[in-house]
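Trainee: Mind looking at a prediction? Sequence and model below.
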Amino acid sequence: MSRASRTWAVVLAAGEGTRLASLTRDAVGNSVPKQFCSLNGGSALVHDALQRARHIAPPEQVCTIVAQQHSRYWRKALQSLSPRNVIVQPQNRGTANGVLLCVLAILDRDPLARIVFLPADHFVLDESALARALRDLVVHLSHNPDGLTLIGIEPDEADPELGYIVPGRTLSDGSRTVARFVEKPPVHIARELFNAKALWNSFIFGATGSALLGLLRLYMGASVDDMATALARDAQSAQPSALMELYERLRAVDFSRAIVQQAPQSLRVITSPACGWNDLGTPRRVGDTLRRLGDNAPRLRTESRALRHMLMPGLINLAAQHARMALAG
């Protein structure tokens with residue numbers, strides 16, 4: 001396997017999206033996970049994230065992690081992926097356990113893998129700018145083989161609903177150390193961070209599989225061995241159940257708080273220029289994104305039948321739902 005093909009990309013698509021539930025209810029009242037919705041009638045957010053992943057990894061090494069309870073949505077939405085590349089959690093137990101499951105599954109297939117993780121709930125206006133940053137991230141993984149490299153986005157406003165990365169000193173390869181994280185600061189602090197050229201935390205990150213496994217083992221202890229054992233048992237069983245049983249007793253662990261922020265000495269950050277990036281985490285953020293885009297908001301495109309099969313429109317149109325809610329309010 002060539003060095004270039006050692007890169008794997010994983011789209012994180014197992015979340016519930018509870019903060020956006022008021023916009024994601026279908027006709028019978030079910031809350032559709034936001035990753036299977038679209039911003040304005042176009043492709044589902046998870047499909048947009050998979051397209052980003054394909055900028056840095058060959059199709060056979062693009063994966064996504066989903067939750068079993070969302071199977072009614074992802075079975076159809078992810079038909080373009082090999083079933084082996086759809087990593088299923090028995091239930092959602094936080095991003096750290098999801099990352100761990102992905103790392104173990106990929107290292108089993110490629111022990112020298114370099115893995116980039118991308119959230120499934122982002123909107124990006126200038127995809128080409130973010131694609132360049134993703135390619136830079138892959139290059140920087142060679143310079144930081146024992147640590148973790150993040151993408152920070154140059155902010156275009158002081159947004160108090162986002163997390164910030166305060167970069168430290170510049171290193172010889174052009175990346176920077178991480179001085180600190182600031183999560184959802186008050187408005188006045190957000191303005192100070194903006195003026196100080198702090199970066200938005202995109203939660204796009206990458207590392208070698210071995211480095212990720214080392215960090216997870218350091219901060220999650222026995223859970224790493226327990227999950228590896230469960231996967232090994234299920235691989236040998238005609239009726240696999242070990243992973244499901246393990247997930248019943250796992251505690252939820254947030255990757256950013258429990259792993260990333262505990263290991264500042266292992267972190268590097270590279271910068272993506274402002275690219276119209278937004279985390280569609282709340283109704284207000286959806287509304288702000290639509291207002292800023294105006295007539296440039298993406299809409300459902302007329303595509304070939306083959307492409308429509310791969311890029312099915314989202315199950316819920318967030319823009320339409322937001323407009324209805326505004327009228328009702």
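Mentor: Perfect, I can see it now. Please read these numbers as outputs of a predicted model, since none were measured by experiment.

Trainee: only C-alpha atoms for contact and neighbour calcs from this point on.
Mentor: Will do.

Trainee: Strands along the protein, start to end?
Mentor: Secondary structure of the chain (DSSP state E): strands located at 7-12, 62-67, 86-89, 114-119, 122-123, 148-153, 163-170, 176-183, 199-208, 267-272, 278-279.

Trainee: Among the ones you listed, which comes closest to Val28?
Mentor: strand 62-67 (21.4 Å; C-alpha to C-alpha).

Trainee: could you say what helices and strands the closest one packs with?
Mentor: Other elements packing on strand 62-67 under the criterion 3 or more C-alpha pairs under 8 Å, 6 or more residues apart in numbering; DSSP states H and E are strand 7-12, strand 86-89.

Trainee: Need those strands in TSV (columns: distance to Ser43, mean neighbour count and mean pLDDT).
Mentor: As requested, the helices and strands packed on strand 62-67 are arranged in TSV below (distance: least, C-alpha to C-alpha, whole Å; neighbours: other C-alpha atoms under 10 Å; pLDDT from 0 to 100):
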stretch	distance to Ser43	mean neighbour count	mean pLDDT
strand 7-12	15	26	98
strand 86-89	19	21	98
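
Trainee: Looking at those, which is nearest to Ala263?
Mentor: Comparing these by C-alpha to C-alpha, strand 7-12 comes nearest, at 21.4 Å.

Trainee: quick one: that closest one to strand 199-208, angle?
Mentor: Angle of strand 7-12 versus strand 199-208, following axes from the mean of the first three to the mean of the last three C-alpha atoms, to 10 degrees, is 130 degrees.

Trainee: What is strand 7-12 packed up against?
Mentor: Helices and strands touching strand 7-12, by 3+ C-alpha pairs under 8 Å, 6+ apart, are helix 45-53, strand 62-67, strand 114-119.

Trainee: could you dump the ones you listed to CSV with mean neighbour count?
Mentor: Listed next are these as CSV, based on neighbours: other C-alpha atoms under 10 Å:
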stretch, mean neighbour count
helix 45-53, 23
strand 62-67, 24
strand 114-119, 24
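
Trainee: I'd like the ones you listed laid out as JSON lines, including mean pLDDT and distance to Ala198.
Mentor: Formatted as JSON lines, the helices and strands packed on strand 7-12 follow (pLDDT from 0 to 100; distance: least, C-alpha to C-alpha, whole Å):
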{"stretch": "helix 45-53", "mean pLDDT": "96", "distance to Ala198": "24"}
{"stretch": "strand 62-67", "mean pLDDT": "97", "distance to Ala198": "30"}
{"stretch": "strand 114-119", "mean pLDDT": "98", "distance to Ala198": "21"}
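
Trainee: just so I know, which of those lies nearest Val103?
Mentor: Taking C-alpha to C-alpha as the criterion, Val103 comes closest to strand 114-119 out of the helices and strands packed on strand 7-12, the separation being 7.8 Å.

Trainee: Tell me which residue lies nearest the centroid of this protein.
Mentor: Closest to where the C-alpha atoms of the chain average out (C-alpha atoms, centre = their mean) is Pro119, at 1.4 Å.

Trainee: Verify the stated contact: that residue with Gly17.
Mentor: No: taking contacts as C-alpha atoms under 8 Å, Pro119 lies outside contact range of Gly17: 11.9 Å.

Trainee: Pro111 reaches Thr208, doesn't it?
Mentor: No: the pair Pro111 / Thr208 is not scored as a contact, 9.5 Å apart, by C-alpha under 8 Å.

Trainee: List the contacts of the closest residue to Ala96 other than its chain neighbours.
Mentor: Closest residue to Ala96 apart from its sequence neighbours, by C-alpha to C-alpha, 6 or more residues apart in numbering: Phe255 at 4.1 Å. Taking C-alpha atoms under 8 Å, 6 or more residues apart in numbering, we find Phe255 in contact with 94-97, 99.

Trainee: Closest to Val260 out of those residues?
Mentor: Nearest to Val260, judged by C-alpha to C-alpha, of the contacts of Phe255 is Ala96 at 9.8 Å.

Trainee: Give the burial count for that closest one, as a bare number.
Mentor: By other C-alpha atoms under 10 Å, the residues close to Ala96 number 21.

Trainee: Asp254 too?
Mentor: Using other C-alpha under 10 Å, Asp254 is surrounded by 16 other residues.

Trainee: Could you do Gln262 as well?
Mentor: Per other C-alpha under 10 Å, the neighbour tally for Gln262 reads 14.

Trainee: coming back round to it: neighbour-wise, which of the contacts of Phe255 leads?
Mentor: Counting neighbours by other C-alpha under 10 Å, Asn97 comes out on top of these with 24 neighbours.

Trainee: what about the closest residue to that residue other than its chain neighbours, how many residues close to it?
Mentor: Distance criterion C-alpha to C-alpha, 6+ apart; nearest residue to Asn97, sequence neighbours excluded, is Val253 at 6.5 Å. Look at Val253: counted by other C-alpha under 10 Å, it has 17 neighbours.
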